[in-house]
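Asks: Only the shape, not the letters, is given here:
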């Protein structure tokens, strides 16, 4: 494998090993106590120490790490179970009460959810540094007609926003690939010469800035924004862990 591919894999392995070393000993002890012992308040402890959270790829990599780190400094006993999914899947899981909390791209498609806006995020165009359009200080939206595009999965909330903005600008691009992961999209932009629309949060990340292989482009006549929100089932009582984390997000 090439170095750009190996770097995130090595980083992921280091993070996984460090996390395992940190939580395994107390986890084993706590698991033994919860599985073998009965005591007053056991149910409360079980809800306090586990917090399943399903979020979009952008939130996993660029929005949540700092928030979770800050929360765990105050609540070191809480174990997060973070999974990656599309906004529509998350809405369904929270609406059916499989999960207490999720983070999605607004708007949602149901009135059964409470929404708490978290952040506004611009969606920006990126290209490999060798792409002809990367030489321009600003690109006219019409120059995107016929260009190859690596897109987010069809049906996802962010893809819906991007497609709508392109239609409004009367721009038709050639979608050559659909992916969920922001990291995979950026890798394909670098290696295939295609363009992509991604979160500005990912473009501002240290890893993106350090790489320099993919660059953001300013597009005249095309503005795409989205709002990320924390959702929960309307009328559902949250566990202590979920309520505390929700409150910590402001």
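Replies: Great, that's in hand. In this text the structure is predicted, and so the values were computed from the model without any measurement. Numbers count the residues shown, from 1 in each chain.

Asks: make it CA atoms for all contacts and neighbour counts henceforth
Replies: Noted.

Asks: C-terminal to the lengthiest strand in the chain, what's the next element?
Replies: Counting by DSSP state E, the longest strand found in the chain is strand 113-128. With elements assigned by DSSP states H and E, the helix or strand that comes after strand 113-128 is strand 139-140.

Asks: Counting by contacts, list what that next one packs against.
Replies: strand 219-220 (3 or more C-alpha pairs under 8 Å, 6 or more residues apart in numbering; DSSP states H and E).

Asks: For the strand it packs on, enumerate the helices and strands it packs against.
Replies: Contacts defined by 3+ C-alpha pairs under 8 Å, 6+ apart place strand 219-220 against strand 139-140.

Asks: Mean confidence (pLDDT) on the strand it packs on, please.
Replies: Taken as a whole, strand 139-140 carries a mean pLDDT of 96.

Asks: Any stretches of the protein with poor pLDDT?
Replies: Residue ranges of the chain with pLDDT under 70: 1-50, 54, 58-61, 206-208.

Asks: And the contacts of stretch 143-154?
Replies: Residues from elsewhere that reach stretch 143-154 (C-alpha atoms under 8 Å, 6 or more residues apart in numbering): 158-160, 171-181, 185, 188-189, 194-197.

Asks: State the number of residues packed around residue 132.
Replies: Around residue 132 sit 10 other residues, with neighbours defined as other C-alpha atoms under 10 Å.

Asks: Just the buried residues of the contacts of stretch 143-154.
Replies: For the contacts of stretch 143-154, a burial check counting by 16 or more other C-alpha atoms under 10 Å picks out 158-159, 171, 173, 175, 180-181, 185, 188-189, 194-197.

Asks: now the helices: where do they sit in this protein?
Replies: 3-36, 42-49, 57-58, 64-74, 87-95, 157-168, 182-192, 200-203, 206-211, 240-248 (DSSP state H).

Asks: ok and the last one relative to helix 64-74, angle-wise?
Replies: Angle between the axes of helix 240-248 and helix 64-74 is 120 degrees (criterion: axes from the mean of the first three to the mean of the last three C-alpha atoms, to 10 degrees).

Asks: Report the angle between helix 240-248 and strand 113-128.
Replies: Computed by the same axes, to 10 degrees, the angle between helix 240-248 and strand 113-128 is 60 degrees.

Asks: list the buried ones in helix 240-248?
Replies: For helix 240-248, by 16+ other C-alpha under 10 Å, it's 241-242, 245-246.

Asks: Remind me what it packs against, helices and strands.
Replies: helix 42-49, strand 50-55.

Asks: can we see that at 10 Å?
Replies: Applying 3 or more C-alpha pairs under 10 Å, 6 or more residues apart in numbering; DSSP states H and E, one finds that helix 240-248 contacts helix 42-49, strand 50-55, helix 64-74, strand 101-105, strand 224-233.
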